[in-house]
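Enquirer: With the input below, show me the fold.
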Amino acid sequence: MTEAIALLREMVATPSVTCSAHHGLDETHGEGRMVQLVADFWNRSGMDYEIQTVYPGRENVVARIEGGDGPSLILEAHTDTVEVENMEIAPFDPVMKDGRVYGRGSCDDKASLAAMMIALRNAAEKGLPGTVTFAAAANEECGHAGVVTLLENGLHADGAVVGEPTLLQLVVAHKGACRLEITTHGVAAHSSEPHKGENAIYAMARIIQAVEAYAEQLNHRPRHPLVSGPTCSLGMIDGGQAPNVVPDRCEISVDRRMIPGECTEDAKEEILAAIRASVGDEVNWSSDLAFDDYTLETDPDCWVASTALRAVEAVTGDSTVIGAQYGTDASNFSHAGIPSVVLGPGSIAQAHTAVEYVDIDQVEKAVLIYERLCLQQ
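Expert: Next up, the predicted model:
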């Protein structure tokens, strides 16, 4: 077993499920245990690091290794994982079988994290042509607060490589997200006399029809060559108190995925305009922006993209440049003026699944790619 795989298995065995509105810090939720693991690694390696608080008990770990006068680089991956309730395997038992490591986070995103740490330590021992900053970020799965904290603390470089499962192909573009919470407001009444109330769920049904029609319209818009077209999906609905009460509230969550060239404000206004045009003043409703995330579009010829592609090609022979449907921390770096790409071991098809795993071969090749990146080879 290589050192990278041993480290990955240790990470999988270390619970770090992301916290949300429904879960606080407990024996499985929170990044604190992973923060300690990452810090211990840098201590053993004799390298300085700092810990940044994102939320109480949830931190980033940042290790900066000085190099020569060459371009500076950020290697970033996140420490949190999604929930484990749907899993068909033991989430924190890093079983090795059929050339794979299984468990929650094995693919998303601890494979990238482990590979980056081993690669940077190995490269530092050989001498870095430029300064490299490694960042293990909290709260990627539930809001990107970790990368925001990194940037607020002044992190900057000539380029950033964000580790996510891309099958070791170089991602230079991905979608952004705009999520709205839309609420209809009614008047409660006894269900035996529904005419005395105003049914918020009936009102929401009209809004849902407007959202569905808007989503269908998006299917006919021009597509981006790497990330396809914009989309809109209604993902959650909540309303009512009991079967015998006319509901006075109903809420839906609408997820609008943006392609490069679009922005959150425009996407939000499109959705709201579609609802207004459909229901007018006949429905009492309100909206809140619950989440927004930038799109990513990086010039494939820029320094970080061309250097990353050269490293990938040297290790795997693949020179494919692709886009992704999902979002990553890379868009935040890019928005802050740091040219960024996404690159990591494993397939996004395995992320967040009931039987999450990563191919060992992918992780070991990722170490070689990241090391070449650090050495700018």
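Enquirer: Is the residue lying closest to Val227 once chain neighbours are set aside bridged to anything, and to what?
Expert: Counting by Cβ to Cβ, 6 or more residues apart in numbering, Val227 lies nearest to Gly323, which is 4.0 Å off, once chain neighbours are set aside. C-beta here means a position set from N, CA and C on the backbone, and glycine is covered the same way. Beta-bridge partners of Gly323, counted by DSSP bridges, are Ala173.
Enquirer: pLDDT score for the spatially most central residue of the chain?
Expert: Nearest residue to the geometric centre of the chain (Cα atoms, centre = their mean): Thr328, 4.1 Å. Looking at Thr328, its pLDDT reads 96.
Enquirer: How about Ser20?
Expert: Taking Ser20 on its own, its pLDDT is 74.
Enquirer: what about the closest residue in space to it that isn't next to it in sequence, helix or strand, and which?
Expert: Among residues not flanking Ser20 along the chain, Cys142 sits closest, at 5.1 Å (Cβ to Cβ, 6+ apart). Using DSSP states H and E, Cys142 is not contained in any helix or strand.
Enquirer: burial measure for Cys142, as a count.
Expert: 16 (other Cβ atoms under 10 Å).
Enquirer: Number the chain from 379, please
Expert: Got it, the first residue is 379 from now on, which makes the last one we talked about Cys520.
Enquirer: That one touches Cys397, doesn't it?
Expert: Yes. The pair Cys520 / Cys397 is scored as a contact, 6.8 Å apart, by Cβ atoms under 8 Å.
Enquirer: Can you show me the helices along this protein?
Expert: 381-390, 410-422, 488-504, 523-530, 578-596, 642-657, 681-694, 708-713, 738-752 (DSSP state H).
Enquirer: can you list contacts of the first one?
Expert: Taking contacts as Cβ atoms under 8 Å, 6 or more residues apart in numbering, the residues outside helix 381-390 that touch it are 412, 415, 419, 470-472, 474, 479-484, 488-489, 491-493, 495-496, 736, 738, 741-742, 744-745.
Enquirer: Surely the residue nearest to the centre of the chain and Gly541 touch.
Expert: No. Using Cβ under 8 Å, Thr706 is not in contact with Gly541; the gap is 9.0 Å.
Enquirer: Common neighbours of those two, please.
Expert: Common neighbours of Thr706 and Gly541 (Cβ under 8 Å, 6+ apart) are Val720.
Enquirer: quick one, what contacts Val460?
Expert: Taking Cβ under 8 Å, 6+ apart, we find Val460 in contact with 395-396, 482, 486, 519, 730.
Enquirer: Please parse this protein into its domains.
Expert: 381-552+673-752, 554-671 (automatic domain parsing).
Enquirer: got the end-to-end distance for the longest one?
Expert: Across its full length, domain 381-552+673-752 reaches 18 Å between end residues, using Cα to Cα, to the nearest Å.
Enquirer: again, but for stretch 668-675
Expert: End-to-end distance of stretch 668-675 (Cα to Cα): 24 Å.
Enquirer: buried sites along that stretch?
Expert: 669-675 (16 or more other Cβ atoms under 10 Å).
Enquirer: which outside residues touch it?
Expert: By Cβ under 8 Å, 6+ apart, the surrounding residues in contact with stretch 668-675 are 521-522, 549-559, 631, 636-640, 642, 705-706, 708-710, 712-713, 718, 720.
Enquirer: tell me the mean pLDDT for it?
Expert: The average pLDDT within stretch 668-675 is 95.
Enquirer: Ok, stretch 449-462 next?
Expert: pLDDT averaged over stretch 449-462 gives 97.
Enquirer: what does stretch 581-596 give?
Expert: Rounded mean pLDDT across stretch 581-596 is 98.
Enquirer: returning to that earlier point: and the residue nearest to the centre of the chain, how close does it get to Thr544?
Expert: To Thr544, Thr706 is 9 Å away according to Cβ to Cβ, to the nearest Å.
Enquirer: what's the answer for Leu751, then?
Expert: 14 Å.
Enquirer: What of Ala702?
Expert: The spacing between Ala702 and Thr544, counted by Cβ to Cβ, is 7 Å.
Enquirer: Looking at these two now, which is surrounded by more residues?
Expert: Using other Cβ under 10 Å as the criterion, Ala702 and Thr544 rank with Thr544 on top: 25 against 21.
Enquirer: Could you list which residues are in contact with the more buried one?
Expert: Going by Cβ under 8 Å, 6+ apart, the list of residues near Thr544 reads 700, 702, 720-722, 726.
Enquirer: thinking again about what came up before, who touches both of Thr706 and Thr544?
Expert: Residues touching both Thr706 and Thr544 (Cβ under 8 Å, 6+ apart): Val720.
Enquirer: His598: neighbour count?
Expert: When neighbours are defined as other Cβ under 10 Å, His598 has 7 of them.
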